[in-house]
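Visitor: Okay, here's the prediction I keep looking at, along with the sequence it came from:
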Amino acid sequence: MMYIRASIFFLGVLATLFLGWAGLTMIPGLQIREIKPASALKPYKDQQLRGRAIYIREGCIYCHSQQTRPEGFGADQKRGWGRPSVPGDYVYDKPHLLGTMRTGPDLFNIAARQPSEDWHLIHLYDPRATSPGSIMPPYPWLFKEDEVFSKEVYAAKGERVVPVPEEFAPEGKVIIATHEALDLVAYLVSLNHTYSIEQKVNNNE
Amino acid sequence: MNSDQETFNINESPELTSRVLTDASASGPVIAFFTSAVFWLLIGTVFGLIASIKFNFPDWLGSIPALTFGRVRPAHLNAVIYGWASMAIAGCYVWLTARLCRTEVGWPRLLYISVLLWNMGVLYGIISILGGHTQGMEWLEFPRIAVYLITPAAVSLSLSILRTFHARQVKHIYVSLWYVLASVVWFPILYLIANLPFYSGVTQAAANWWYAHNLLTVWVTPAGLAAAYYFIPKVIGRPIHSYYLSLLGFWTFALFYNWNGIHHLVGGPLPTWLISTSIVASVLMFIPVITVAINHHLTMIGHFKKLKYSPTLRFVVFGAMCYTAVSFQGSIEALRSFSEVSHFTHYTIGHAHLGLYAFFTMILFGAIYYIMPRLVKWEWPYPVLIKFHFWFVALGIALYVVSLTIGGILQGFYMNDASQPFIESVNITKPYLLARSIAGVLILIGHLFFIYIFTLMVTRKGAIRLTPPWREEPEAATR
């Protein structure tokens, strides 16, 4: 009698867990697997993937989402942050970077709003140089300081000078973007999902 | 190990004898788990405070990669979840199971292996995150190697607890034990499944949030409830109000709480039916929560003045009340109309701390205050510091939750008002984020008091205990 009751208990406990798992991940997984990538969506290029890895490493996800909400749910549409995102927009994403926080703005279509590489480089070096009042941390380790040479010298060395406004740059130095900074910016300026999609998938009514 | 046992006549009743033997067998592993937990609590609190201050002064420690916000924040979360919470739960489960089965701890060597692997896993994981190596998903940041250390640690714990249960000397299985047993079966499975490399795209997001919320379902909440169900009747010396309410509460909890996770993605790019399912399950959580609240309240009624004398009761009842509060809040938060404002804001962070701190951590403090004297046979030194501990953390977490709740709602209103530039939704939160850092300082000070007396306790310094603690326990409160 004791063993039967204990067995029923443990079976019930296992069943509740597995039902939830099946219902919340396996079944939607099967449904979502049928969805094809949006035709205008391109797989990431190598540099963009390296940049994405830096986005993950520095924990950008803890303040920035990558999902746009539909009309009538929040102000994403009125702000012009791009059409509501659909599962087909994410087929190349692993790990997913949907995010749950908007201490900073959504970045799903940041490239459409801010395509300038220089802007992104300055912003990463010192967020307050481009965005007064921002509480984003700076990422100085993605940059290096150098003596002031002529443009031709940097061009010859293949180095990218970041046009940091004078009051934000260390005196008598120029700021050079490292490969990591350029990779991260290559990823950021690839974040543009404003292409039109074939089927309308309405996620929220 | 210690000759105290002969000094006192413990043969007064077989129940007392069994308690002494039980506590003696649990002593080593439980102290090891609790000491590790307290260490990670300190580390986790410091990371949390650093992350908070960075909102106020974003350039502070701004040139140290390991201490950038995006690494310190997950280091905080993982240190408190897998370090503090998990090892405090482990210690609590080992002791509770042995006590409720009236037997000695089964396979104690497995528990020493568990505590060792667990600490190695968390240490490796935290260092990896600070070094920039992460799986990149919230609550699942630890890299593979840490997972391979923590999984066998969790399995060892479960095996030992199931072994203890198998050797039980009682017929009746008390409600706390249901939660413990379910929890030790659920947790290793959940942790392993969630770390499988199957998923990608939005399915991975669904799996991510199924896991993250289910960690509360299978691990954190059962521990808090098991402890509350045990300690409230134990300390006040009367049985739990209703057995059948406990039964209803347990099974509705198991059934509904496993389906809540996708409410973290309301408004996101997932099938509508999926999100709606989680919203419905979240609202259904009212049933187990109200059941537990009624049961605890009716047990406590007429005994509230005991809160003044028992630190355990004070911490546990504070936590149990916050369980009701955080669960109601969670059910409402899952609704689309509410989520539209609160999602993506600091409101959620306030909610998370109401759950993981004001409910869970406070109850576990109460449990540690009760269990430790019985293991080291030493009384807590400096009772006034226990009071300081309570009031600093209670006021700290109250300030924390209130400031982020108000700040988060305002943030949500500004975010959803397209006529406001986005930066205004940042500016409006600044005073509330400053208040949150002050709350963090209060909590850290409270923890320092706790850690100080905990250290004295483990090293047996401070005031000497005159009467053995087991004499003061009311009889058979947990029948």
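Guide: Structure's in. What do you need?
Visitor: in chain B, what residue is nearest chain A?
Guide: Residue nearest to chain A within chain B (CB to the nearest CB): residue B:70, separated by 2.1 Å. Using the backbone N, CA and C atoms, a C-beta is placed for each residue, glycine as well.
Visitor: That residue: neighbour count?
Guide: A count of nearby residues for residue B:70, using other CB atoms under 10 Å in any protein chain shown, gives 25.
Visitor: Please apply the same query to residue B:413.
Guide: The burial count for residue B:413: 14, using other CB under 10 Å.
Visitor: Can you tell me the element the residue nearest to it when sequence neighbours are not counted falls in?
Guide: For residue B:413, ignoring the flanking residues on the chain, the nearest one in space by CB to CB, 6 or more residues apart in numbering or on different chains is residue B:341 at 6.5 Å. Secondary structure from DSSP states H and E places residue B:341 in helix B:336-342.
Visitor: Can you tell me what sits against that helix?
Guide: Outside helix B:336-342, the residues that touch it by CB atoms under 8 Å, 6 or more residues apart in numbering or on different chains are A:73-74, A:204, B:263, B:266-267, B:279, B:332-333, B:347-348, B:351, B:408-409, B:412-413, B:416.
Visitor: From residue B:212, how far off is the residue nearest to residue B:413?
Guide: 21 Å (CB to CB, to the nearest Å).
Visitor: before we move on, what about residue B:116?
Guide: Counting by CB to CB, the gap from residue B:116 to residue B:212 is 26 Å.
Visitor: So these two - more neighbours on which side?
Guide: Neighbour totals were compared for residue B:116 and residue B:212, and residue B:212 leads with 19 against 15 (other CB under 10 Å).
Visitor: so what secondary structure elements neighbour the strand or helix carrying the more buried one?
Guide: Using DSSP H and E, residue B:212 sits within helix B:201-215. On a contact count with 3 or more CB pairs under 8 Å, 6 or more residues apart in numbering or on different chains; DSSP states H and E, helix B:201-215 meets helix A:2-21, helix A:27-33, helix B:175-194.
Visitor: Return the distance of the lowest-mean-pLDDT helix or strand in chain A from the chain's centre.
Guide: Least confident helix or strand, chain A: helix A:151-157 with a mean of 80, by mean pLDDT, DSSP states H and E. Centroid separation between helix A:151-157 and its chain, computed with CA atoms, centre = their mean, to the nearest Å, is 32 Å.
Visitor: Adjacent strands (with direction) for the helix or strand following that helix?
Guide: Downstream of helix A:151-157, the first helix or strand assigned by DSSP H and E is strand A:160-162. Using DSSP bridges, the strands paired with strand A:160-162 in its sheet are strand A:173-177 (antiparallel).
Visitor: Please, which helix or strand holds the closest residue to residue B:181 other than its chain neighbours?
Guide: Nearest residue to residue B:181, sequence neighbours excluded (CB to CB, 6+ apart): residue B:165, at 6.3 Å. Using DSSP H and E, residue B:165 falls within helix B:144-166.
Visitor: Quick one: residues in contact with that helix.
Guide: The contact list for helix B:144-166 (CB under 8 Å, 6+ apart) reads B:82, B:90, B:93-94, B:97-98, B:101, B:103-108, B:110-111, B:113-118, B:120-122, B:124-125, B:128, B:135, B:142, B:177, B:180-181, B:184-185, B:187-188, B:191-192, B:195.
Visitor: what angle sits between the helix or strand residue B:38 falls within and helix B:144-166?
Guide: Taking DSSP H and E as the definition, one finds residue B:38 inside helix B:14-56. If you take axes from the mean of the first three to the mean of the last three CA atoms, to 10 degrees, helix B:14-56 sits at 160 degrees to helix B:144-166.
Visitor: where does the most far-flung residue of chain B relative to its centre fall, phi/psi-wise?
Guide: Distance from the centre of chain B peaks at residue B:419, with 41.1 Å (CA atoms, centre = their mean). Here is the backbone geometry of residue B:419 (degrees, to the nearest 10): phi -80, psi -10.
Visitor: pLDDT value on it, please?
Guide: pLDDT, residue B:419: 97.
Visitor: do residue B:291 as well
Guide: Confidence score, pLDDT, at residue B:291: 96.
Visitor: Could you count how many residues lie near it?
Guide: Other residues within reach of residue B:291, judged by other CB under 10 Å, total 20.
Visitor: now swap in residue A:89 and tell me
Guide: Number of residues near residue A:89 (other CB under 10 Å) recorded here: 26.
Visitor: and the closest residue to residue A:77 other than its chain neighbours, what helix or strand is that in?
Guide: Of all residues not flanking residue A:77 in the chain, residue A:71 sits nearest, at 4.5 Å (CB to CB, 6+ apart). For residue A:71, there is no enclosing helix or strand under DSSP H and E.
Visitor: Surely residue A:71 touches residue A:79?
Guide: No: Residue A:71 lies out of contact with residue A:79 (CB atoms under 8 Å); the separation is 11.6 Å.
Visitor: so how far is the helix holding residue B:212 off the chain centroid?
Guide: That offset, for helix B:201-215, works out to 20 Å (CA atoms, centre = their mean).
Visitor: between it and helix A:2-21, how many degrees?
Guide: Relative orientation of helix B:201-215 versus helix A:2-21 (the same axes, to 10 degrees): 140 degrees.
Visitor: Let me know the average pLDDT across helix B:201-215.
Guide: For helix B:201-215, mean pLDDT rounds to 95.
Visitor: what's the answer for stretch A:171-182, then?
Guide: Stretch A:171-182 shows a mean pLDDT of 94.
Visitor: do the same with stretch B:108-127
Guide: For stretch B:108-127, mean pLDDT is 98.
Visitor: anything in that stretch near chain A?
Guide: No: residues of stretch B:108-127 are not located near chain A by CB under 8 Å from any CB of the partner chain, the shortest gap being 13.7 Å.
Visitor: buried sites along that stretch?
Guide: The neighbour-count check on stretch B:108-127 (16 or more other CB atoms under 10 Å in any protein chain shown) flags B:108, B:110-111, B:113-115, B:117-119, B:121-126 as buried.
Visitor: one step back: using PDB, write out every CA atom in the helix holding residue B:212.
Guide: The C-alpha trace of helix B:201-215 is given here as PDB (Å, rounded to 0.1, in the frame of the first residue of the first chain):
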ATOM      1  CA  GLY B 201      15.300  30.800 -32.600                       C
ATOM      2  CA  VAL B 202      12.100  31.500 -30.800                       C
ATOM      3  CA  THR B 203      11.700  27.900 -29.700                       C
ATOM      4  CA  GLN B 204      14.900  28.500 -27.700                       C
ATOM      5  CA  ALA B 205      13.200  31.600 -26.100                       C
ATOM      6  CA  ALA B 206      10.300  29.400 -25.100                       C
ATOM      7  CA  ALA B 207      12.600  26.700 -23.600                       C
ATOM      8  CA  ASN B 208      14.600  29.400 -21.900                       C
ATOM      9  CA  TRP B 209      11.600  30.900 -20.100                       C
ATOM     10  CA  TRP B 210      10.000  27.600 -19.500                       C
ATOM     11  CA  TYR B 211      13.200  26.800 -17.600                       C
ATOM     12  CA  ALA B 212      13.700  30.100 -15.900                       C
ATOM     13  CA  HIS B 213      10.300  30.200 -14.500                       C
ATOM     14  CA  ASN B 214      10.200  26.500 -13.700                       C
ATOM     15  CA  LEU B 215      13.300  26.900 -11.600                       C
END
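Visitor: Tally up the residues packed near residue 96, please.
Guide: All of this is about chain A. Residue A:96 - counted by other CB under 10 Å - has 22 other residues nearby.
Visitor: that's the wrong chain, I meant chain B
Guide: Neighbour tally, residue B:96, other CB under 10 Å: 28.
Visitor: Now the phi/psi pair for residue A:147, please.
Guide: Residue A:147 adopts backbone torsions of phi -70, psi 160, taken as degrees, to the nearest 10.
Visitor: ok, now which ones touch the closest residue to it other than its chain neighbours?
Guide: Closest residue to residue A:147 apart from its sequence neighbours, by CB to CB, 6+ apart: residue A:173 at 7.1 Å. Shown in contact with residue A:173 (CB under 8 Å, 6+ apart): A:145, A:146, A:147, A:148.
Visitor: Quick check: mean pLDDT of the helix or strand encompassing the second one?
Guide: Meaning residue A:146. Following DSSP H and E, one finds residue A:146 within strand A:143-147. Averaging pLDDT along strand A:143-147 yields 91.
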